[in-house]
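A.B. asks: Give the three-dimensional model of this entry:
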Amino acid sequence: MTRTVHVDTDTGIDDALALLFLAAQPDVEIVGISAVYGNCVVDDALRNIGHVTRLGGRPLTPVSRGAAGPLAAEAHIAHYVHGHDGLGDVVETRLLPEVLLELTAAEHLVKSANDAPGEVDLLTLGPLTNLALALAQDPLLLTKFRSVTIMGGSGPFPELGASHMFDANIQNDPKAAKAVFSAPATRRVMVGVNATGTVFTDEADIKALHASGTPTGTFAADILESYLDFYQFAWGRRVSPVHDGLAAALTVRPEWIAESASGPVNITDDGFTVRARIMTAADGTPVPWAIDEVPDTIAVLTVDIDAFHRAFLDALVGGGARTQGAPE
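C.D. replies: I've put the predicted structure just below:
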């Protein structure tokens with residue numbers, strides 16, 4: 001069965017790898033991509049989409065330009081993680097997408113859902129600003145997508161004494177996140193940092209990608225080198241979590257979700273970080289304060305790491321162009 005996917009992305013390093021993973025899947029059709037600020041400014045996100053869709057053999061995918069900043073604050077751009085251009089500053093030339101729509105990203109999202117109700121899976125990889133703007137146009141939008149997978153959030157609250165990685169996509173636009181997690185949806189899945197922080201690429205993976213000699217493998221290795229430059233200071237090792245790649249994989253391979261929990265997701269702010277969380281403690285007990293009663297979200301807890309890791313690296317080596325039979 002072919003899955004049709006619309007991707008909303010702030011096209012940084014891990015977003016680019018997620019797009020390459022999807023492009024390499026013979027049973028996945030990317031029907032649209034919308035750009036948003038976050039890992040880089042929105043115009044760089046567009047150019048990165050153009051570069052990756054050409055590299056992955058999907059140059060004619062319709063692309064739209066989205067929000068340059070959050071609903072109610074100034075944009076925070078993660079240049080210190082993803083480089084100034086969003087791809088680690090290792091790509092010399094990045095062209096705009098071949099098919100750049102006049103529609104805004106919000107209009108594009110509404111069109112994707114309404115053109116094929118119940119058939120398109122939505123994957124969000126950046127701040128949720130575009131989707132919140134689309135919901136303002138169509139409050140039932142998430143019921144028209146087959147599913148909505150959100151790379152963001154932090155799952156339930158952690159065990160006592162434990163903590164989770166920074167939840168950038170929620171932190172960047174909490175108002176938008178609240179709108180998205182409050183809206184009715186057919187199936188809403190949160191692939192949060194509690195899950196993505198358990199899946200890594202390391203130096204051995206990068207060595208294998210370099211050795212592949214393929215255009216996609218070499219590109220993936222080059223940008224991952226930059227990513228490891230940042231994350232080495234988190235663990236004292238050259239590794240990086242596969243945030244967006246995991247969310248992309250679970251969108252089209254939901255059988256790789258090993259364990260999940262469901263419940264209402266609220267946005268919490270402790271004065272330091274803002275997170276989206278299932279409103280339960282780690283042991284399943286409810287939190288000790290009044291919560292906003294909103295429709296349930298499925299939060300991914302654990303995944304089949306081995307199955308994902310093998311398929312992810314194979315996709316980055318093989319690339320969309322080879323898988324689709326397009327010229328290399």
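A.B. asks: where does Gly319 land on pLDDT?
C.D. replies: With respect to pLDDT, Gly319 scores 77.
A.B. asks: what about the nearest residue to it once chain neighbours are set aside, is that helix, strand or coil?
C.D. replies: Closest residue in space to Gly319, ignoring its immediate chain neighbours: Thr216 at 3.2 Å, by CB to CB, 6 or more residues apart in numbering. (Glycine included, C-beta is placed from N, CA and C.) Of the three states, Thr216 takes helix under DSSP: H, G, I helix; E, B strand; the rest coil.
A.B. asks: From Ile13, how far off is the closest residue to Val81 other than its chain neighbours?
C.D. replies: Spatial nearest neighbour of Val81, chain neighbours left out: Phe230 (5.1 Å); criterion: CB to CB, 6+ apart. Distance of Phe230 to Ile13, computed by CB to CB, to the nearest Å: 9 Å.
A.B. asks: if I look at these two, which residues touch both of them?
C.D. replies: Val81 (CB atoms under 8 Å, 6 or more residues apart in numbering).
A.B. asks: Which of those two has more residues huddled nearby?
C.D. replies: Using other CB atoms under 10 Å as the criterion, Phe230 and Ile13 rank with Ile13 on top: 29 against 16.
A.B. asks: how near is the more buried one to Val91?
C.D. replies: In terms of CB to CB, Ile13 sits 11 Å off from Val91.
A.B. asks: quick one: buried residues of stretch 292-306?
C.D. replies: Under the neighbour-count criterion of 16 or more other CB atoms under 10 Å, stretch 292-306 has 294, 297-301, 303-304 buried.
A.B. asks: quick one, strands of the stretch 51-200 of the chain?
C.D. replies: Assigned strands in the stretch 51-200 of the chain, in chain order: 63-65, 100-104, 120-124, 147-151, 188-191, 200-202 (criterion: DSSP state E, counting those that start in this stretch).
A.B. asks: possible to save the ones you listed as TSV with mean neighbour count and mean pLDDT?
C.D. replies: TSV is the format used below for those (neighbours: other CB atoms under 10 Å; pLDDT from 0 to 100):
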stretch	mean neighbour count	mean pLDDT
strand 63-65	26	98
strand 100-104	15	98
strand 120-124	25	99
strand 147-151	26	98
strand 188-191	26	98
strand 200-202	19	97
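A.B. asks: any chance of these in TSV, plus distance to Ile33?
C.D. replies: Below are the strands of the stretch 51-200 of the chain laid out as TSV (distance: least, CB to CB, whole Å):
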stretch	distance to Ile33
strand 63-65	5
strand 100-104	10
strand 120-124	10
strand 147-151	14
strand 188-191	18
strand 200-202	23
